[in-house]
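Visitor: Need coordinates for the following:
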Amino acid sequence: MNFEEIYQKLFKRVLAYIVSRTGNVDIAEDISCQTWQKAYDKQHQFDSQKGTPEQWIFTIARNEVN
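Guide: Numbers count the residues shown, from 1 in each chain. Purely as a prediction, here's the structure:
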């Protein structure tokens, strides 16, 4: 998994998802930062047998919103 490529590919979509869930751009930006930081810190735990990088990132984003 190349983290930088995933970040470049998914950043806008993840932020849009979080904005849609929170209804607040400022809060969404904070949660987005937390999501990407957590993903970066735990990228060694990503298991491609359990899903795609996209699924993994959006799961982290969902959990951060909740």
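
Visitor: Name the nearest residue to Ile6, ignoring sequence neighbours.
Guide: Pro53 (4.9 Å; CB to CB, 6 or more residues apart in numbering). For every residue, glycine as well, the C-beta is placed using N, CA and C.

Visitor: which stretch of helix or strand covers Asn63?
Guide: According to DSSP states H and E, Asn63 maps onto helix 53-65.

Visitor: give me every residue that touches the residue nearest in space to the middle of the chain.
Guide: Centroid-nearest residue in the chain: Ile57, 3.8 Å away (criterion: CA atoms, centre = their mean). Residues in contact with Ile57 (CB atoms under 8 Å, 6 or more residues apart in numbering) are 6, 10, 14, 35, 39.

Visitor: Could you measure from it over to Asn66?
Guide: Using CB to CB, to the nearest Å, Ile57 is found at 15 Å from Asn66.

Visitor: Please apply the same query to Gly23.
Guide: Taking CB to CB, one finds Gly23 at 15 Å from Asn66.

Visitor: any idea which helix is longest in this protein?
Guide: In the chain, with assignment by DSSP state H, the single longest helix is helix 3-22.

Visitor: In that helix, which residues are buried?
Guide: 6, 10, 14-15, 17-19, 21 (16 or more other CB atoms under 10 Å).

Visitor: So what touches it?
Guide: The contact list for helix 3-22 (CB under 8 Å, 6+ apart) reads 25, 28-29, 31-32, 35-36, 39-40, 43, 53-54, 57-58, 61-62, 64-65.

Visitor: ok, Met33 - how many residues close by?
Guide: Actually, residue 33 is Cys rather than Met. Number of residues near Cys33 (other CB atoms under 10 Å) recorded here: 12.

Visitor: where does it fall, phi/psi-wise?
Guide: phi -60, psi -40 (degrees, to the nearest 10).
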